[in-house]
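Undergrad: give the three-dimensional model of this entry:
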Amino acid sequence: MPLFGTKAVTLTRNEFYALVQSTTGYTQLSAVIGPVAVSYLLGILFEDNLRMVQNGLWFAGAAVNRALPVLPNSTIKLKDKTDLAALKNRADLLLDGDRIKINNRQIYVTQLMLKAQAGTLRTEMLAGKTEPEATYFTAPPVQAPRPGAPAIPAKAAWLVNMDKAICWASHGAPGGAGAYSTLVQRHTKRDGTFPLGGDEKLVMALWKDLVTGAPPYRSINPATPYPSSVGGLHLLKWIFQQTRATAWPAYGSQRWINWALFFYAGMMTVQGFSDGNKRVCRCSYALIMASAGIDFKAPTPAYGAILAAMT
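TA: Okay, the predicted model is just below:
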């Protein structure tokens with residue numbers, strides 16, 4: 001990798017890593033999410049730069065062409081040291097931008113958490129921001145008993161609540177209600193314990209069951225307010241770290257609405273998965289509400305979008 005002169009420059013993967021690891025953006029992002037996570041992100045950036053080609057050479061203004069294959073020994077080919085400096089500067093800015101987005105989302109999620117603890121989220125939703133039940137749930141007709149048979153007992157309230165949760169979560173979702181029904185029935189709690197658990201493992205399992213064909217990662221995109229999927233996953237883990245010691249409401253408490261809204265919006269805003277974040281968040285909301293022992297209520301799409309702060 002000649003650094004001086006006007007000759008063409010070729011960068012191997014390891015040379016790209018070494019180049020970018022000398023930047024301030026790399027150092028500061030490593031301090032936030034750790035060097036292992038940043039190294040994975042460097043692999044993504046290397047492949048992005050491999051695909052930024054015009055006339056066979058890396059070009060700063062080229063779009064990332066994801067149709068271009070990445071071979072084990074692929075190298076980035078640059079015109080000269082000026083382009084090398086431009087590539088390094090671009091990587092530096094992208095890494096620093098991801099760090100800033102992570103920090104901003106962390107601040108916002110902290111504010112959401114404080115509102116959940118204070119009960120503000122529930123108050124806001126119940127003040128005209130609740131989605132009408134008729135938009136996602138229709139009660140089945142009452143079954144008449146056979147002549148001479150005793151009356152058929154009504155379905156238990158907690159089962160009706162679970163049905164509403166499943167219908168809301170799956171409303172308009174790709175693939176229908178099947179996966180949502182299975183997951184909500186499997187993981188709903190009735191003992192007041194938090195159904196998502198103390199870490200991100202169950203949520204990640206939900207994602208694997210709900211989302212197929214997702215790309216392996218979401219790269220850094222300056223046009224979005226949320227970070228890369230690497231930064232998003234860091235924040236997803238951080239959310240569970242911050243709430244692990246929470247004293248959850250008792251079974252049957254309306255305060256569960258606050259925490260259902262918090263996890264729905266908090267996980268949505270950090271975008272921890274490369275695709276399908278909305279599906280996972282709706283399923284998580286349904287699980288919390290189905291486990292709460294209260295009548296199911298959900299936010300309007302407009303209120304949900306405001307809480308998720310996706311713009």
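Undergrad: isn't L210 right up against A179?
TA: Yes: L210 is within contact range of A179, at 5.4 Å (criterion: C-beta atoms under 8 Å). For every residue, glycine as well, the C-beta is placed using N, CA and C.
Undergrad: which one's more surrounded, those two?
TA: L210 (23 against 20; other C-beta atoms under 10 Å).
Undergrad: how about that one, nearest residue that isn't a chain neighbour?
TA: R279 (4.7 Å; C-beta to C-beta, 6 or more residues apart in numbering).
Undergrad: quick one: residues contacting the one you found.
TA: R279 sits next to 173-174, 207, 210-211 when contact means C-beta atoms under 8 Å, 6 or more residues apart in numbering.
Undergrad: let's go with 10 Å and repeat that
TA: Contacts for R279 (C-beta atoms under 10 Å, 6 or more residues apart in numbering) come out as 169-170, 173-175, 179-180, 206-207, 209-211, 273.
Undergrad: can you check A144 too?
TA: Applying C-beta under 10 Å, 6+ apart, the residues near A144 are 151-152.
Undergrad: can you give me the distance of it to K155?
TA: Applying C-beta to C-beta, to the nearest Å, the value for A144 to K155 is 15 Å.
Undergrad: same question, Q271
TA: Going from Q271 to K155 by C-beta to C-beta gives 37 Å.
Undergrad: now do the helices in the stretch 101-250 of the chain.
TA: Shown for the stretch 101-250 of the chain, the helices assigned by DSSP state H, counting those that start in this stretch span residues 120-126, 157-170, 178-187, 201-210, 229-243.
Undergrad: now distance to T135 too, for the ones you listed, in a markdown table please.
TA: Converted to a markdown table, the helices of the stretch 101-250 of the chain look like this (distance: least, C-beta to C-beta, whole Å):
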| stretch | distance to T135 |
| --- | --- |
| helix 120-126 | 15 |
| helix 157-170 | 9 |
| helix 178-187 | 16 |
| helix 201-210 | 21 |
| helix 229-243 | 29 |
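Undergrad: can you say which of these is nearest to L50?
TA: helix 229-243 (18.1 Å; C-beta to C-beta).
Undergrad: what residues does stretch 239-247 touch?
TA: So stretch 239-247 is contacted by 106, 109-110, 112-113, 116-117, 194, 196-203, 259, 262-263, 266-267, 269-270, 272 (C-beta under 10 Å, 6+ apart).
Undergrad: pull the CA atoms of it into CSV?
TA: The C-alpha coordinates for stretch 239-247 follow below in CSV (Å, rounded to 0.1, in the frame of the first residue of the first chain):
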residue,chain,number,x,y,z
ILE,A,239,-31.8,-1.3,27.2
PHE,A,240,-32.0,-4.6,29.0
GLN,A,241,-29.0,-3.8,31.2
GLN,A,242,-30.7,-0.6,32.3
THR,A,243,-34.0,-2.3,33.1
ARG,A,244,-32.8,-5.5,34.6
ALA,A,245,-33.2,-4.4,38.2
THR,A,246,-36.6,-2.8,37.7
ALA,A,247,-39.4,-3.6,40.2
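Undergrad: how far off centre is that stretch?
TA: 17 Å (C-alpha atoms, centre = their mean, to the nearest Å).
Undergrad: now it: average pLDDT?
TA: Mean pLDDT, stretch 239-247: 97.
Undergrad: which parts of that stretch are buried?
TA: 239-240, 243 (16 or more other C-beta atoms under 10 Å).
Undergrad: pretty sure D80 sits against L87.
TA: No: with contact defined as C-beta atoms under 10 Å, D80 does not count as touching L87 (11.2 Å).
Undergrad: overlap in contacts of these two?
TA: Common neighbours of D80 and L87 (C-beta under 10 Å, 6+ apart) are V9.
Undergrad: now the strands for the stretch 1-150 of the chain?
TA: Using DSSP state E, counting those that start in this stretch, the strands found in the stretch 1-150 of the chain span residues 9-11, 53-54, 57-58, 76-78.
Undergrad: who touches the second one?
TA: Contacts of strand 53-54 from elsewhere in the structure, counted by C-beta under 10 Å, 6+ apart, are 59-65, 68, 76-77.
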